[in-house]
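Colleague: What follows is a predicted protein model with its sequence.
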Amino acid sequence: MMITRILLGVAAVVAAPMVLAPVPARCQTAPAAPIQMDHISVQVVGSGSPVILIPGLSSPRDAWAGFVPELAKTHSVYLVQVNGFGGENPRANLKPGVLDGIVADLIRLVATRKLEAPAVVGHSMGGLVGMMLAARHPASVGRLMVVDALPWFGVLMGAPGSGLTVAAIEPRAAQMRDVIAASYGKPPSKTAAEANVATLVRKPEGRAKATEWAMAADPRVTAQAMYEDLITDMRGELAKIQAPTTIVYAWNDTYPREAQAGAFFKAQYSGTPNIRFVGVGDAGHFVMLDQPVAFAAALTSFLAD
């Protein structure tokens with residue numbers, strides 16, 4: 001089912017800004033031990049104006065690894081990882097309220113670390129979390145980048161213009177949640193993970209990474225987070241987002257094509273003040289894996305504005 005595959009994605013420089021260059025290795029700056037919270041852990045690298053990076057469903061903080069070395073030269077980079085992803089202990093994420101819990105932890109992080117107007121970048125589910133944070137707690141977000149995410153993922157579960165509602169899709173979302181959660185305790189299927197990831201990442205090396213991430217995630221956390229993602233509709237709250245917002249969306253030569261993708265994303269974010277859109281071509285859902293140079297340029301521009 002396409003929605004399952006999509007959800008398995010399930011993300012200020014100085015006066016003369018440098019262009020961020022992605023690097024193949026992991027972060028070269030030795031990070032301190034992560035800050036452990038109820039729903040997330042956060043690794044801090046570098047110094048300077050704060051940037052919070054939130055990965056998507058089933059993804060670890062390593063989703064951003066190629067961009068951290070350059071970012072850390074001029075920014076304090078806060079690398080979020082949802083508890084239960086990356087092979088870590090689920091902690092408080094084995095019960096309902098995963099997304100609200102992530103938002104609450106981020107608010108606490110901003111307050112305790114005294115972060116001033118942090119830039120928030122979220123991919124997929126992380127983008128939805130960024131919207132929730134920006135709309136409901138505007139003082140916690142200085143600017144927001146949403147990477148290939150929608151204010152309501154449930155819109156993908158029906159034909160365009162079908163008038164879907166959260167109530168209409170909830171039974172299907174619950175069924176999907178229960179099926180995924182039931183796989184806990186069983187050996188993860190690499191074949192199934194590869195099949196899901198194949199629709200999300202176009203480059204072989206990126207597919208290999210995303211497959212590893214999906215297999216390492218606790219399916220109970222993936223299931224609950226996916227369910228909450230599907231039943232969270234932020235469209236009615238978009239007007240509350242005060243922070244300058246950048247939407248990065250993927251397109252490719254099969255589907256979605258550039259014109260279709262651009263029109264679709266702009267329609268979904270209708271009513272959002274101070275928004276701009278950046279399309280990245282020849283990319284799948286994991287834009288930063290398929291087109292790291294183009295994504296780095298978009299990130300540089302976002303932080304420089």
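Modeller: Done, it's in.
Colleague: following the helix or strand of the chain with the lowest mean pLDDT, which helix or strand comes up?
Modeller: The helix or strand of the chain with the poorest confidence is helix 2-7; it has a mean of 42 (mean pLDDT, DSSP states H and E). Reading on from helix 2-7 to the C-terminus, the next helix or strand found by DSSP states H and E is strand 35-36.
Colleague: The chain: strands as residue ranges?
Modeller: Listed in chain order, the strands of the chain (DSSP state E) span 35-36, 40-45, 49-54, 75-82, 119-123, 143-147, 245-250, 275-280.
Colleague: now these as TSV including distance to residue 287 and mean pLDDT?
Modeller: (C-beta placed from N, C-alpha, C; glycine too.) Listed next are those as TSV, based on distance: least, Cβ to Cβ, whole Å; pLDDT from 0 to 100:
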stretch	distance to residue 287	mean pLDDT
strand 35-36	27	98
strand 40-45	22	98
strand 49-54	14	98
strand 75-82	18	98
strand 119-123	8	99
strand 143-147	6	99
strand 245-250	5	98
strand 275-280	5	98
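Colleague: so which of those comes closest to residue 65?
Modeller: Nearest to residue 65, of all those, is strand 75-82, at 8.7 Å by Cβ to Cβ.
Colleague: Can you show me the CA trace of the closest one as PDB?
Modeller: The C-alpha trace of strand 75-82 is given here as PDB (Å, rounded to 0.1, in the frame of the first residue of the first chain):
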ATOM      1  CA  HIS A  75      25.500  26.200  14.300                       C
ATOM      2  CA  SER A  76      24.700  24.300  17.400                       C
ATOM      3  CA  VAL A  77      23.100  21.300  15.800                       C
ATOM      4  CA  TYR A  78      20.500  19.400  17.800                       C
ATOM      5  CA  LEU A  79      20.000  15.900  16.300                       C
ATOM      6  CA  VAL A  80      16.800  14.400  17.400                       C
ATOM      7  CA  GLN A  81      16.100  10.700  17.500                       C
ATOM      8  CA  VAL A  82      12.700   9.200  18.500                       C
END
